[in-house]
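Asker: no FASTA, just this:
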C-alpha cells in the first residue's frame, strides 16, 4: 500500500460513484471539455440501483403535464420537507435529459416516437408522468459505454475513503479524494478542481431480514453496495447534511425485497385485498397517505395483504411483466420458484425495513448541485432536501453537477494536496488491518444495524433514541478499535462499517432533534412522544454538521422557496 | 447458494467477475475459472445472468425467499 506523489492522478472533475447520476455527471463534464475521472466501487456497466434495469423515469414538461413552476409549488404544498427550488429545477430539466439520453443512443420512446407512459399515482408523484423506457435492461450498460466512449478515465473497483481538502482542513474547499482498490488494496490519490458525489442512498442502516442464513442477508430494495458513504465523506469534510431522520418505506414482494412492487402495482392499476380476498381500498393511492397502512392492516387482523391483478386484461398483465423485466429480470426466478401466477392468484407483499432513499436525507445542495463546501457537488440519492426525485433526479442533478463542476474547474488553478492529510488517512485505514484476532467487520455491522433497528425504526421516542446513541457511542469507543480486516475484502467492509456507524449516529441524532411526527407518503418520522405534525415549528430542515471540536451539531433551517431564490447563494 | 455456473458451457470470459456489483465472484487462476466465492454478498440482481455471453449462469434463490 504505497502512495507516491508521482502516482497522483490530476483531473478537472472527479466523480465518485458510477450509477445513473455519476455516469451522466461524467458525460456532461466531458462535454464541457474537462478531464474527468470516475471512481466506482464496482463496475459502471452494472452498478447502482439501476444495475439490472430501469422500468420507469419520471417526466415533467409543459407539453405533457405541467410547467416546472406549477410542479414545484404542487410538490411543496404536499407538506414534505423539501426545497421548492430543487423540485423546480428537477422539473425544468427533465425533458432535456430525455433528449440527451436519446442523443446518446439510449431509447426512451417506442418506434413510432411516442412515449410508453402513464400518469403516476398522485400520492407518489403529484402530476408527474412516468415513461417506460423500452430497453430498461440495457439502459445502464449503454450509459456506461457512453462514459467510456467519451474518454472518461475509469477507476473501477475503487472506493473513496476520504475527500481531500485544502490544507487538509475540514470546511475548506474539496480538492480531490483518496480511493482504495477493493481487490488489491492499493491506494490512489486523485487531485481535482471539482468533486461530485453520486454514491447513492443508505440501504445498510437497518437489519433487513430475520433469516439466519447468510446468502439472503444482502437482499434489499436498493443496491446493498450503497451504504451512504457519500454522506459520510461530505460530513467529514465539513459539509452540511439534511434530514437524516427521514426514512423511506416501501411495500415489497413477500420475502424478496427488490423494488418490484412499482411495476406490479401502478401500471394499469391493481387492487389491494385482504386475506379473504376482500378489497381494502377503492383507491390505493388514498390509503398510502397513512404511514404504516400495511402494518395496520396486519395488526387489525386483515393480513396477509395481497396485490390482486387477476381481474386485469391479458394485455395489462403483459405490460406489467414487461415493466418487471425491465426493472429486474431476476423477479421471474422468484415467480417461478414460488409458483406465482399473476393471472390466477393475488401476490402477497410485506413492508421493507426502513432505509434512506429518495433524496430527502443527504448532503445539502443548491439548484446547481453545489454542496455547502466549495469544490464539492452531490447528486442522486446521496443528496437531501428533495423529494422522490428517483432516476430523473439522478440524471438532472448529475448533469448539472457535471456541467457546473467542469465550468468552475476552468477558472481555478490546480489545487495543492496536503500530504499530511493523505498520510493520516492512509494510516487510519491501515489500522483496520492486522492480525486475525479481533472483531470481524460484518459482526460489528450486524450489531450496529440491530441497534439502529431496535432504537430508531418507524416508532421512536426520546428514551429509545438516547439509548441508541449511547449504544453507538459505546460501540465506537469499545468495539470499533477492535475491528480487524483480515483481507482486502474485509477491509472494504470495515470502511463501510465506519460509514454505517457515522450515518447511524446522524440518523438517531436528527430523529431526536425533530420533535414532531411527520408522515409523508414516502418518508416517515414517527415520534410517539410527539405524535402531531407541527408545521409551525418543524416544517423545516434538520441540519447536521461537524463542529470545530469534531462533535455532531444539529440545527434547523427554513425550507427554500422558489420566490426567495436569488440564484447566487441558495444552499 | 446464489449463482450457479454451468462450467461445461462456460468460456471463461470473466464477464461475471468483471461486472458483479457486489463482487461475489473470484477468479481461480489455477483452475482458470470463475467461482461464486461469496454467495453471502449476493444481491440476487441477476446482472451476471443477463450479461453472460454463453447464458450459462443460473440464479438460485435461497430458501428464505421461497
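Answerer: Good, I have the coordinates. Worth saying up front: this structure is predicted, and the values here are computed from it rather than measured.
Asker: And the pLDDT at residue A:484?
Answerer: In this prediction, residue A:484 carries a pLDDT score of 96.
Asker: Now for it: which residues touch it?
Answerer: Residue A:484 makes contacts with A:432, A:433, A:434, A:435, A:436, A:437, A:438, A:439, A:440, A:490, A:494, as judged by CB atoms under 8 Å, 6 or more residues apart in numbering or on different chains. Any C-beta I mention is one placed from the backbone N, CA and C, and that applies to glycine too.
Asker: burial of the nearest residue to residue A:556 once chain neighbours are set aside, as a residue count?
Answerer: Among residues not flanking residue A:556 along the chain, residue A:540 sits closest, at 4.7 Å (CB to CB, 6 or more residues apart in numbering or on different chains). Residue A:540 has 15 neighbours, counted by other CB atoms under 10 Å in any protein chain shown.
Asker: I'd assumed residue A:81 was in contact with residue A:540.
Answerer: Yes: applying CB atoms under 8 Å, one finds residue A:540 in contact with residue A:81, separated by 7.3 Å.
Asker: Among the contacts of residue A:484, which one lies nearest to residue A:97?
Answerer: residue A:494 (37.1 Å; CB to CB).
Asker: which bits of chain B sit near chain A?
Answerer: Those residues of chain B that sit near chain A, judged by CB under 8 Å from any CB of the partner chain, are B:1-2, B:18-23, B:38-47, B:49-51, B:59-66.
Asker: Whichever of the residues you listed end up buried, select them in ChimeraX.
Answerer: Here is the ChimeraX selection string for the buried members of the residues of chain B next to chain A, based on 16 or more other CB atoms under 10 Å in any protein chain shown:
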select /B:2,18,19,20,21,22,23,38,39,40,41,42,43,44,45,46,47,49,50,51,59,60,61,62,64,65
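Asker: any idea how far chain B is from the residue nearest to residue A:556?
Answerer: Using CB to the nearest CB, to the nearest Å, residue A:540 is found at 36 Å from chain B.
Asker: so what's that residue up against?
Answerer: Per CB under 8 Å, 6+ apart, neighbours of residue A:540: A:81, A:556, A:557, A:558, A:559.
Asker: and with 6 Å instead?
Answerer: A:556, A:557, A:558 (CB atoms under 6 Å, 6 or more residues apart in numbering or on different chains).
Asker: Flag every buried residue along the host helix or strand of the second one.
Answerer: Right, residue A:557. Using DSSP states H and E, residue A:557 falls within strand A:552-558. If you call a residue buried by 16+ other CB under 10 Å, then strand A:552-558 has these buried ones: A:552, A:554.
Asker: Now tell me what touches it from outside.
Answerer: By CB under 6 Å, 6+ apart, the surrounding residues in contact with strand A:552-558 are A:509, A:513, A:540, A:541, A:543, A:544, A:545, A:547.
Asker: The fifth one belongs to a strand?
Answerer: Right, the one you point to is residue A:543. Yes: assessed with DSSP: H, G, I helix; E, B strand; the rest coil, residue A:543 lies in a strand.
Asker: tally of neighbours for it?
Answerer: Neighbour count for residue A:543, taken as other CB under 10 Å: 21.
Asker: and what of the second one?
Answerer: Here the neighbour count serves as a burial measure; for residue A:513 (other CB under 10 Å) it reads 17.
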